[in-house]
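**Student:** Structure of the sequence below:
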Amino acid sequence: MAGHSKWANIKHRKGRQDAKRSKLWSKCSRAIIAAAKAGGPDPAANLTLRYAIDEAKSQNMPKDTIEKAIAKGAGGGDGDDYEEIVYEGYGPAGVAVLLEILTDNRNRTAPEIRKIFEKAGGSLGASNSVAFQFERKGEIYLEANAATEDQLMELALEAGAEDIESSDQGHRVIAEPTDFLAVREALENAGLPLASAKIAMIPTTPTAVSGGGDAEKLLRFLDDLEDHDDVQAVHHNADIPEEELERLGA
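**Tutor:** Below you'll find the model as predicted:
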């Protein structure tokens, strides 16, 4: 699998998510409210809302909680007005970082995020300072025993996937955002369990990070970013060897 740490990093993220379920539910609710308020309550006509609902479901958010968030957003009127912002910068070891932010107070969020970067020895950058190092793609992971490579080739490529990577660790299916839903639904309809499925910013040029405490410092920095209430998603181009993640207990 190109970028040997991809699967290890997915497992690291999932472990973090399982440990912080309530905070993730709060972020999912915020995303659903903002999407419903901006584009209406029908996920069939509001793709942003559909993605937000799918993410909430992947975090095992209760159905009634999802429905309440949709209703709150669709109600409009009084309530928080969330603004979508993208922050970019460099973290420890020169790793490029791109953040998706949803905030009701830009003047509060910006200095707080800047402080996290500076504490780790990094720095926030101007717009497009690192974005050129990422591509928006649909990214789907399956455990190695979920399907054979031949099965995926037949199902995913026919549905519109552009690439499939397989190894002993698992399978990774890549698709253009416009084809992502069709590919995911083709796999789900075939009864294949998905370990992860989302639209992500995928780095085009990974930065190797290992040794000298760099990996540990970077993981702590990424965790601090993910812990921030206004940060919806953290994307980075770090390539951390699986053995380094295991050594750090990540």
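**Student:** residue boundaries of the strands in this structure?
**Tutor:** Per DSSP state E, the chain carries strands over the ranges 83-90, 96-103, 123-125, 134-143, 163-166, 170-175, 196-203, 207-208, 231-236, 238-239.
**Student:** Of all those strands, which one is nearest Ala190?
**Tutor:** Ranking the strands of the chain by proximity to Ala190 (Cβ to Cβ) places strand 134-143 first, at 11.0 Å. C-beta: built from backbone N, CA, C; applies to glycine.
**Student:** Quick one, which of the strands of the chain gets closest to Phe221.
**Tutor:** Phe221 lies closest, by Cβ to Cβ, to one member of the strands of the chain: strand 96-103, at 8.3 Å.
**Student:** Neighbouring strands - and their directions - for the closest one?
**Tutor:** Looking at strand 96-103 with DSSP bridges, its partner strands are strand 83-90 (antiparallel), strand 231-236 (antiparallel).
**Student:** Okay, angle between it and strand 196-203 too, please.
**Tutor:** Angle of strand 96-103 versus strand 196-203, following axes from the mean of the first three to the mean of the last three Cα atoms, to 10 degrees, is 120 degrees.
**Student:** what does strand 96-103 rub up against?
**Tutor:** With contacts defined as Cβ atoms under 8 Å, 6 or more residues apart in numbering, strand 96-103 is touched by 27, 30-31, 34, 82-91, 109, 113, 117, 122, 130-131, 133-134, 201, 203, 207, 222, 225, 230-237.
**Student:** Would you write a PyMOL line that selects the buried entries of those?
**Tutor:** Selection of buried members from the contacts of strand 96-103 for PyMOL, criterion 16 or more other Cβ atoms under 10 Å:
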select buried, resi 27+30+31+34+82+85+87+88+89+90+91+109+113+117+122+130+131+133+134+201+203+207+222+225+230+231+232+233+234+235+236+237
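**Student:** what are the C-alpha coordinates of stretch 159-169, in PDB please?
**Tutor:** Below are the C-alpha coordinates for stretch 159-169, written out as PDB (Å, rounded to 0.1, in the frame of the first residue of the first chain):
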ATOM      1  CA  ALA A 159     -19.000   2.200  -9.800                       C
ATOM      2  CA  GLY A 160     -16.400   4.900 -10.700                       C
ATOM      3  CA  ALA A 161     -13.400   4.400  -8.300                       C
ATOM      4  CA  GLU A 162     -10.100   5.700  -9.800                       C
ATOM      5  CA  ASP A 163      -7.700   3.500  -7.800                       C
ATOM      6  CA  ILE A 164      -7.500   0.600  -5.300                       C
ATOM      7  CA  GLU A 165      -4.600  -0.200  -3.100                       C
ATOM      8  CA  SER A 166      -4.400  -3.500  -1.300                       C
ATOM      9  CA  SER A 167      -2.000  -5.000   1.300                       C
ATOM     10  CA  ASP A 168      -2.000  -7.400   4.200                       C
ATOM     11  CA  GLN A 169      -3.200  -4.600   6.300                       C
END
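**Student:** Understood, closing this out.
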